[in-house]
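>>> Got a predicted structure plus its sequence, pasted below:
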Amino acid sequence: MLKFLLKPSLIAFLYCLFTINSLHAVEVSKLDEADVPVSSRAVPERNQALKKALEKVIIKNTGTARSLENSVIQAQLANPDALLSQYGYLEQNGQLLLKANFEHRRVVALLRQAQLPVWGTQRPLTLFWVAMPSEGDTILLSDSSTLAERQQFSTFSDERGIPVLLPILDLDELMGINPNDVKGMFADIVASVSGRYQADFLALVAIEPAGNQVRYRLNLYTKATIDSLTPPLFSFNGSAENAAQAVSAMMAALGDYYFTKYAIADTGTQVGASVTFVNIEKMSQVVEIEKYLKQLSAIKSATLTRIQGNTVTFSLDLFGSETDFERLLSLEPRISVVAPASSGEFSPVSSPLGKPVYQWRLP
C-alpha cells in the first residue's frame with residue numbers, strides 16, 4: 001500500500017520540491033486496493049479477506065468507518081466479487097497477504113447508491129506535533145521514532161488514505177520548540193518552527209498519564225497565519241488505556257472531520273456551474289483539465305463549452321454545491337485563482353463578477 005507518512009530520508013527532498021512548486025495537498029493513489037493478512041489460500045479465508053479488503057477500500061474512499069454501517073454497503077459486502085478487479089497473494093516479512101483491487105467506477109457508484117459522500121484523490125497534508133510520555137519523561141514524537149505510536153500514525157494514514165507528516169526534530173527545531181509548547185497548545189510557537197513543512201493543516205496533540213490511563217487532546221489549525229488567539233478548527237479529547245489507543249481514537253475523529261469537510265454527497269438536485277481557465281497555451285492543457293475535472297468527486301459531468309483565444313470554459317453538473325467544488329479546486333497544486341485586471345494581466349483576486357477564473361500551471 002502507498003505510505004503517506006513521509007520518511008526522514010525523503011523530507012529534505014520533498015521540502016525542496018514543495019518550496020519550488022508550492023505543493024500542499026497530496027494526490028492519493030491506490031484508493032481501490034487493500035492488503036489483508038491471511039493464514040492460508042483456502043477459499044473460505046479468501047472470501048472473508050475479500051470482504052475485509054472491500055471494507056478498507058470503502059473507508060479510504062469516504063474517509064470514515066461509519067460508512068460501513070450503511071445498509072446498502074452491508075449488502076454489497078456480502079458479495080465483494082461483484083466489484084473485484086483482480087486479487088493475488090504475496091508474502092511480506094513472513095506474513096501471507098491477499099492483495100485485492102476493486103473497480104473504481106463501481107466503488108464510487110456503490111457509494112452514490114448508498115447516498116454516501118465520496119472523497120476524491122486530492123487530500124490535505126497534516127503536520128502533527130505530538131507531546132507524549134516516554135520512560136518517565138515527556139517527548140516530542142519524531143518521524144524516525146521506533147515507538148508504537150509512530151506506527152499508529154502510519155497505519156492510520158494507510159487505512160484512511162489521509163496524508164500525515166511528523167517533524168524531523170533536528171537541532172534547529174529542538175532549539176525552537178519543546179514538549180511544553182505542544183502540551184500547552186501554543187499554536188503560534190509551533191507554527192513558527194513549522195515553515196519548512198508545506199502542509200495544509202497543523203495538528204497539536206498532547207498525551208499525558210492519568211493514573212492507569214492516559215488523557216489526550218488534539219487541536220487542529222490551518223497552517224496559514226496563526227497567532228496566540230487563533231481558535232482551533234477542530235478539537236477532540238478523551239481518555240484511553242494507553243497512548244497507542246489514544247492516537248487511534250484521535251485519528252479516527254480527525255478522519256471523520258475531514259470526511260465532513262471534503263467528501264462530497266449527492267444532493268439529489270440538479271446543480272449546474274461553469275468554470276473558466278485562462279492562459280491556456282496548448283491543447284494538451286485542455287485535455288489535462290478535462291481529465292482532472294471528470295475525476296473530481298464533486299462532478300457528475302464536465303463538458304467543454306467554449307474555447308476563445310487562451311481561455312476555455314467547462315459546463316459542470318455537480319453532486320454537491322459550488323462551494324464544495326471550489327474547495328476541491330483549492331487542493332489542486334496545478335490550479336491557482338486569477339481574475340482579469342486592466343493591464344491585461346491576471347492577479348490572484350476574485351473577478352469583478354464575483355466568480356473566480358483559474359489558471360492551470362504547466363508541468
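Okay, I see it.

>>> quick one: contacts of the helix or strand harbouring residue 159?
Residue 159 belongs to helix 148-160 when assigned by DSSP states H and E. Contact with helix 148-160 is made by 1-5, 56, 59-60, 63, 128, 130, 132, 141-143, 162-164, 166, 207, 243-244, 247-248, 251-252, 255, as judged by C-beta atoms under 8 Å, 6 or more residues apart in numbering. Yep, even glycine has a C-beta here, placed from its N, CA and C like the rest.

>>> Which SSE is immediately downstream of that helix?
With elements assigned by DSSP H and E, the helix or strand that comes after helix 148-160 is strand 164-165.

>>> Past that following strand, which element shows up next along the chain?
Heading C-terminal from strand 164-165 (DSSP H and E), you reach helix 171-176.

>>> Find the centremost residue of the chain, please.
Among the residues of the chain, the one closest to the centroid is residue 123, at 3.2 Å (C-alpha atoms, centre = their mean).

>>> hang on, isn't residue 39 packed against residue 45?
Yes: if you go by C-beta atoms under 8 Å, residue 39 and residue 45 touch, sitting 6.7 Å apart.

>>> can you tell me how far the closest residue to the residue nearest to the centre of the chain other than its chain neighbours sits from residue 214?
Using C-beta to C-beta, 6 or more residues apart in numbering and skipping the chain neighbours, the partner closest in space to residue 123 is residue 28 (5.1 Å). Noted for residue 28: a distance of 30 Å to residue 214, by C-beta to C-beta, to the nearest Å.

>>> OK, contacts around the closest residue to residue 119 other than its chain neighbours?
Setting aside the residues directly before and after it, residue 119 is nearest to residue 263 in space (C-beta to C-beta, 6+ apart), at 4.1 Å. Shown in contact with residue 263 (C-beta under 8 Å, 6+ apart): 62, 63, 64, 116, 117, 118, 119, 297.

>>> Quick check on the residues you listed: which are buried?
Buried by 16 or more other C-beta atoms under 10 Å: 62, 63, 64, 116, 117, 118, 119, 297, out of those.

>>> What distance do you get for the first one to residue 220?
Spelled out, it's residue 62. If you go by C-beta to C-beta, the gap between residue 62 and residue 220 works out to 19 Å.

>>> picking that back up, now, the buried ones among the contacts of residue 263 that are in helices?
Among those, DSSP state H puts residue 62 in helices.

>>> Just flag the most distant two among the buried ones among the contacts of residue 263.
Put simply, by C-beta to C-beta the two of these set farthest apart are 64 and 297, 14.1 Å from each other.

>>> Please identify the helix or strand for residue 144.
Under the criterion DSSP H and E, no helix or strand holds residue 144.

>>> burial measure for it, as a count.
Residue 144 is flanked by 14 other residues according to other C-beta atoms under 10 Å.

>>> For it, give its distance to residue 87.
Distance, residue 144 to residue 87, by C-beta to C-beta: 34 Å.

>>> which residues of the stretch 1-150 of the chain fall in strands?
Remark: strands assigned in the stretch 1-150 of the chain by DSSP state E, counting those that start in this stretch are 26-27, 33-37, 84-92, 95-102, 122-123, 126-134, 137-140.

>>> Minimum distance to residue 293: which of those strands has it?
strand 122-123 (12.1 Å).

>>> Run through who's touching the closest one.
Contacts for strand 122-123 (C-beta under 8 Å, 6+ apart): 25, 26, 27, 28, 161, 162, 163, 258, 262, 328, 331, 332.

>>> Closest to residue 92 out of the residues you listed?
So of the contacts of strand 122-123, ranked by how close each gets to residue 92 (C-beta to C-beta), first place is residue 161, at 19.8 Å.

>>> The closest residue to that closest one other than its chain neighbours: neighbour count?
Nearest non-adjacent residue to residue 161, counting by C-beta to C-beta, 6+ apart: residue 60, 3.9 Å away. A count of neighbours around residue 60, defined by other C-beta under 10 Å, yields 22.

>>> which ones are touching residue 60?
31, 34, 159, 160, 161.

>>> and the gap between the third one and residue 167?
This points to residue 159. 22 Å.

>>> What of the second one?
When distances are taken as C-beta to C-beta, residue 34 and residue 167 turn out to be 29 Å apart.

>>> So if I had to pick from these two, which one is more boxed in?
Between residue 34 and residue 167, residue 34 has the larger neighbour count (other C-beta under 10 Å), namely 27 against 24.

>>> so that one bridges to which residues?
Per DSSP bridges, the residues bridged to residue 34 are residue 100.

>>> Can you show me the helices along the stretch 251-363 of the chain?
Assigned helices in the stretch 251-363 of the chain, in chain order: 283-295, 322-329 (criterion: DSSP state H, counting those that start in this stretch).

>>> Pull out the buried residues from the last one.
The reference is to helix 322-329. Quick answer for helix 322-329 (16+ other C-beta under 10 Å): 322, 324, 325, 326, 328, 329.

>>> Buried ones only from the contacts of helix 148-160, please, as a ChimeraX command.
Buried subset of the contacts of helix 148-160, written as a ChimeraX selection, criterion 16+ other C-beta under 10 Å:
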select :4,5,56,59,60,63,128,130,132,141,142,143,162,163,164,166,207,243,244,247,248,251,252,255
